[in-house]
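Visitor: dropping a prediction and its sequence here:
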Amino acid sequence: MMLQLAPSGLTVSWDRSLANNVRSDKKVVSSARQQRRNKRIFSQLKQQSERGEQFGRRKLGYPILRAVVSEKRVAAPTASPEKSVELNLEAIVTVRRKRREDMTESLQRHWDSLVDAIGQNVVLQLVSDKIDPKTNTGKRSKESALKGWLHKSAMQAEKVEYTTSFSISSDFGHPGAIIVTNQHMKEFYLESIVIQGLINGPVFFPCKSWMQSKMDNPEKRVFFSNKPYLPSQTPPGMKDLRQKELEDLRGNGQGTRKHSDRIYDYDVYNDLGNPDKSKDLTRPVLGGEKIPYPRRCRTGRPPMKTDPLAESRVEKPISLYVPRDETFEEIKQDTLDAGRMKAILHNLIPSLLVSFVDPKKEFQCFSEVEALYKEGFSVKFDLQSELMKKMPKIVNWIRETSEEMLRYDTPSIISKDRSAWLRDDEFARQTLAGVNPVSIEQMKVFPPVSKLDPKIYGSPESAIKEEHIMGQLNGMSVEQAIEENKLFILDYHDAFIPVVSGINALDGRKTYATRTIFFLTPLNTLKPIAIELSLPPPSPGCQLKRVFTPANDSITHWLWQLAKAHVCSNDAGVHQLVNHWLRTHACMEPYVIAAHRHLSAMHPIFKLLQPHMRYTMEINAMARQTLINAEGVIETSFTPGKYCMDLSAAAYRTQWRFDMEALPADLIRRGMAVEDSTQPHGVRLVIEDYPYAADGLLIWSAIQEYVQEYVGCYYSEPGTIQNDVELQAWWEEIKNKGHPDLRNETWWPKLETKEDLVGILTTMIWIASGQHAALNFGQYPYGGFVPNRPCLMRRLIPEEKDPEYRNFILHPQKYFLSSVPSLLQALNLMAVIDTLSTHSPDEEYLGQKQQSTNDLNVVDAFHKFSARIQSIENIIHQRNKDLNLRNRNGAGMVPYELLMPTSGPGVTGRGVPNSVSI
C-alpha cells in the first residue's frame, strides 16, 4: 500500500507480505491476545508510516515490513487509498436461561440444540458506524453463527456464554450495532454481547431483550453499543437502523398483539368491564371527551359482543399483552406467585368457614383481630369444633403442612403498641407520616367551602362552626390560628359527595363525604379537632351534615371513633384510586410508551429513564386484569365499589397537573411549604416535622442534582434541546397521545431549555421512585390491621332516633367492628396488600445500579448520586432517633422509613425502588 506524507512529500511503499500474513492467520486466539496483536499491528503501521523505518522479525515477533522510499514528489495533501489489514474479533454472547421449563419448552430447547448443529442457528452481523458507498448504509461484516449451542445445552447454569468470531478489515470503522437473527424454534433472553479484539478495547452491547424466533417474527433485531448519541450525532452508518428500530416499536396501530410482539401503542381504558358476562359488570370507557383519563397500552383485542366500545376480557392465568421486554423476570414472577399462594392459604380456612359454618362470621372484639397475627386463623376460630366435624382430612392436612402460612405477619402499627391506632395523635400523625401523606392541606378559609354546584349538592359551606373548634385552639381565635398557619384539613367532600348516593345504594356499603380539621400543637404535632360527615341533600335547601368533636364521655368516644373510621375509609379510597393508582401508575404509563416509541435505545435520555420504567407496564396490565376491573380486588375491598374508577377519573379531570407533580410544587400547592431560596431545597416546610416531605425533599434534590449533571453532559450548546427531534417528539406525544384529553391545558411545561428538561425528568423519576415508594410499601404496615385503616365501611353512624342506636350503646366495640370489613373481607384485603407491599428479591433500588454506558462523565455523576443516596439513608436513620421529632419517634411509634432508600426482600416498610414495580 502507499502512504503519502505531506510534509516531506515522500512516497512510502509497503510490502504486501504483512497483509498476506495477517489474512492467513484464521485461527481465533483469545480476545486479550487478539487485542494486543491488533494493537501492535496498528502501532507498527503507524511508526513505519511516520519514520519509514524497517523493523525486523526478531525484534517485534512479526513479519518484516519493507519500506521503499522514493524521492518522487507527490501533490499534498491528497492520499491514495490504503490497503486494509484484516483483523480477527471475538464476540462473547451471554444468554440467560429460564430457571424452570415446562415439558414443551424443554423439548423445544433440545430440538434447537440439535438443529443448531446443522445450520439452523443464531447468527450475528456487525454494523459499522461508517457508510458503505456501495449500499449507502453502514458497512456490514459477514454473518457469523454462535458456537457451542449443542455442546452447552446440558449446562446447569442461569447464564451461558457463547462465542463467535468475525474477520473485518482495518478500514471497517467502529462497530456501532449488531444485527441478530434467531433461527431456532424457541425464544431466548439475550443479556449482552461484547466484541473483543479491537484496537481501542472491547465494545459492549447491553441487549437485555427476548430474541424471538424467526418463525414468530421474521424481522432481524438490531442492538446498539453502550455509547450514547443524540439524533444529530448519530454516526452515518447507524442512522437508518436507528430510525428503523423506532418504526418497528411503534407498529402500525392495527391487529391483535401477540405475546412475542414488541409494539408500543395507546388505547383508552375500555377493558375494565365485562358486559358479556353480566350487565352489572358494565363499566364506562375511561379516556375521551366524556371521561378524560390517561391512555394505556393498546392490545388490539376484539370488542365485546354486547358492547362494541368495550374490549374483550382476558382472565387469569392468561396474561394481558405488554411488549415482550416489559414482562416480569422469573424471580419477580415467582415472588408474585408465592404471594398469590400465600393469599390462597390465608383465605382457604375463612372461605371454608363462611361456606360451611357461618356465612356472616364477624369479628366480635379487637382481640380477635389481633389473634390473627399471634395464633393464626385456625387456632383462634376453633376449627376443631367447627370444620373438623365436616372436613377432618382437609383440616388436618392444612394444619400439618401450612400452619405457619395461616398466621399473618404483625403489621407495624400494632407491633409495639396494640392500642396506638385508637389515639387521636396517631390518627393525625398518619396524615404526615402514614401511607397517604399527600392529602393534608393547610387551611386557608374557614369554614371550608365546596366548589361544586350548590343547586345539585346543596350549600357549599361546611357545617363546622367556630364554636365547634374554639376550645381546641390553645386560646387562639380561628382567624389567628389561620394567620399563624396552625389549621390544616383533610377535605374529601367534593371528591365523594357526587358518588355517595350511589355507594350507599350498594349492598353492604355505607359512606359519607368527610372533612377533618387539625390543629398544629406547640410540639409540632397535629391533633384532630372536628370531623364533618355529609350526605347529599334529599331535596333543595336541605342539609344532611353532622359534626363530631373529640370525646367528652363514653358515648361520644365511640361516636368519635366511628367518625374517624369513616374519614380513614375516604382517605383509603383517595389514596388507592387517586394518589397511588392514578398519579404513580396510570399517569406514568404514557411516559413509558412514548419513550420507547420516540427515544432510540442509544439516546442518552432513554438510557437515563430506562431503569425508572422497569415493570411498570406489566404491573399496570395486571391491575387492569385483577385489581381495578369490575368486581376486582379494589371494587370488592373499598367503599366506593363500582364507583371506584369514577372517583379516579374525576380527580384526573379536576386535580391532576403534570407541573404540580413535582414535590416542591405539590407541597406549595397544598400550603405545606413556601418558597424560600435560603433553604437547601428552595422551600421551607410549614410543619418542620413532616416526615414524608422532609425525607422526600432529600431524595428529590438528589435526583434533581444528578439529572442536572447528566443533562449537562449532552446538551451543552444552545438550541440542542429544541433541535433534538426525538426528544421533542417524545414530549409532544406524551401530551397529545398519552394525555390527549388534557393536551390543551396551559400548565404543560415547555421543553426548550436545559432547565425545562431537568424539571420534566426529575418529576418523572421522582414519581416512579420516591413518590410511589411512599404511597405503596406502607400499605400492609398500616392497613394490615384493618381497624386502623378500614378501606370499606358497612354502616352509617346511628343517631338517637335510629333503632340500632341502643345496640351501639350496649356493644360499642362490636358495633364498630360490624361497621368495618367483615372477617372474610378483611382477610381478602390483608392478603392483597401484603403482596402489594412486598419487595421482590430482584428489586433495583435508587442509586444502586449504574446503567451501561461508556461515558465516563456520566459514570462519575452516577457515583456521586449513589453516594448522596447512601448519605440520605444515614440522615433518615438519625432523624428517626431524634426524640424532638415527635412525628417520627415516641412510645410505641412506628418510625418513618418509607423513604429509606434500601431494603431487603419482603414486607419491610422501607426501600425506594427505581420504578413502579409493584
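Guide: Okay, I see it.

Visitor: please enumerate the helices of the stretch 251-400 of the chain.
Guide: 330-356, 366-374, 377-380, 387-390, 392-402 (DSSP state H, counting those that start in this stretch).

Visitor: by mean pLDDT, show me the worst of these.
Guide: If you rank these by mean pLDDT, helix 377-380 sits at the bottom with a mean of 46.

Visitor: the residue nearest to residue 237 when sequence neighbours are not counted sits in which helix or strand?
Guide: In this structure, residue 237 finds its nearest non-sequential neighbour in residue 138, 2.8 Å apart by Cβ to Cβ, 6 or more residues apart in numbering. In this view, the C-beta of every residue, glycine as well, is placed from N, C-alpha and C. Using DSSP states H and E, residue 138 sits within strand 137-140.

Visitor: quick one: mean pLDDT for that strand?
Guide: 96.

Visitor: that one packs against which elements?
Guide: Secondary-structure packing of strand 137-140 (3 or more Cβ pairs under 8 Å, 6 or more residues apart in numbering; DSSP states H and E): strand 122-132, strand 175-182, helix 239-250.

Visitor: ok, which of these comes nearest residue 312?
Guide: Of all the helices and strands packed on strand 137-140, helix 239-250 sits nearest to residue 312, with 24.0 Å by Cβ to Cβ.

Visitor: other SSEs contacting that closest one?
Guide: Using 3+ Cβ pairs under 8 Å, 6+ apart, helix 239-250 sits against strand 137-140, strand 221-224, helix 589-598.

Visitor: show me what counts as buried in that helix.
Guide: 239, 240, 241, 242, 245, 246, 249, 250 (16 or more other Cβ atoms under 10 Å).

Visitor: likewise for stretch 890-902?
Guide: Those buried within stretch 890-902 under the rule 16+ other Cβ under 10 Å are 890, 893, 894, 895, 896, 897, 898, 899, 900, 901, 902.

Visitor: same check, this time on stretch 224-236
Guide: 224, 225, 226, 227, 228, 229, 230, 231, 234, 235, 236.

Visitor: follow-up on the earlier one: roughly how far does the residue nearest to residue 237 sit from residue 263?
Guide: 25 Å (Cβ to Cβ, to the nearest Å).

Visitor: can you give me the strands in the stretch 501-650 of the chain?
Guide: 513-520, 526-535, 544-548 (DSSP state E, counting those that start in this stretch).

Visitor: can I get these in JSON lines with distance to residue 680?
Guide: Listed next are the strands of the stretch 501-650 of the chain as JSON lines, based on distance: least, Cβ to Cβ, whole Å:
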{"stretch": "strand 513-520", "distance to residue 680": "23"}
{"stretch": "strand 526-535", "distance to residue 680": "25"}
{"stretch": "strand 544-548", "distance to residue 680": "41"}
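
Visitor: need those in CSV (columns: mean pLDDT, mean neighbour count and distance to residue 721).
Guide: Formatted as CSV, those follow (pLDDT from 0 to 100; neighbours: other Cβ atoms under 10 Å; distance: least, Cβ to Cβ, whole Å):
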stretch, mean pLDDT, mean neighbour count, distance to residue 721
strand 513-520, 99, 24, 43
strand 526-535, 98, 23, 43
strand 544-548, 96, 18, 52
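
Visitor: out of those strands, flag the one nearest residue 477.
Guide: strand 513-520 (12.6 Å).

Visitor: what's the angle from that closest one to strand 544-548?
Guide: 30 degrees (axes from the mean of the first three to the mean of the last three Cα atoms, to 10 degrees).

Visitor: before we move on, back to that, out of the buried residues of stretch 890-902, who's nearest residue 776?
Guide: residue 898 (8.7 Å).

Visitor: ok, residue 889 to residue 880 distance?
Guide: Distance of residue 889 to residue 880, computed by Cβ to Cβ: 6 Å.

Visitor: which stretches in the stretch 601-750 of the chain count as helices?
Guide: 604-609, 616-622, 633-637, 644-654, 663-669, 691-714, 725-733.

Visitor: now the stretch 51-200 of the chain
Guide: Under DSSP H, counting those that start in this stretch, the stretch 51-200 of the chain gives helices at 57-60, 103-116.

Visitor: least reliable of those helices going by mean pLDDT?
Guide: Across those, the lowest-scoring stretch is helix 57-60, with a mean of 36.

Visitor: contacting residues for residue 228?
Guide: 602, 603, 604, 607, 714, 853, 855, 858 (Cβ atoms under 8 Å, 6 or more residues apart in numbering).

Visitor: if we go to 6 Å?
Guide: Residue 228 is in contact with 602, 604, 607, counting by Cβ atoms under 6 Å, 6 or more residues apart in numbering.

Visitor: once you drop chain neighbours, what's closest to it?
Guide: For residue 228, the spatially nearest residue (Cβ to Cβ, 6+ apart) is residue 604, at 4.0 Å.

Visitor: is it true that that neighbour touches residue 714?
Guide: Yes. With contact defined as Cβ atoms under 6 Å, residue 604 and residue 714 form a contacting pair (4.7 Å).

Visitor: now the buried residues of helix 239-250 as a markdown table including distance to residue 542?
Guide: Converted to a markdown table, those look like this (distance: Cβ to Cβ, whole Å):
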| residue | distance to residue 542 |
| --- | --- |
| 239 | 70 |
| 240 | 71 |
| 241 | 69 |
| 242 | 66 |
| 245 | 63 |
| 246 | 60 |
| 249 | 57 |
| 250 | 55 |
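
Visitor: so where's this structure uncertain?
Guide: 1-82, 345-360, 374-406, 541 (pLDDT under 70).

Visitor: could you export stretch 622-634 as CSV, CA atoms only?
Guide: Taking C-alpha atoms only, stretch 622-634 is exported to CSV below (Å, rounded to 0.1, in the frame of the first residue of the first chain):
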residue,chain,number,x,y,z
MET,A,622,-52.1,-6.9,36.0
ALA,A,623,-54.0,-4.1,37.8
ARG,A,624,-56.5,-3.8,34.8
GLN,A,625,-57.0,-7.6,34.9
THR,A,626,-57.5,-8.2,38.6
LEU,A,627,-57.4,-5.0,40.7
ILE,A,628,-59.3,-2.1,39.1
ASN,A,629,-61.6,-4.2,36.9
ALA,A,630,-65.3,-4.7,37.6
GLU,A,631,-65.7,-6.7,40.8
GLY,A,632,-61.9,-6.8,41.1
VAL,A,633,-60.0,-6.5,44.3
ILE,A,634,-60.4,-2.7,44.6
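
Visitor: mind listing what's buried in stretch 207-226?
Guide: 207, 209-214, 217, 221-226.

Visitor: likewise stretch 858-866?
Guide: In stretch 858-866, counting by 16+ other Cβ under 10 Å, buried: 858, 861, 862, 865, 866.
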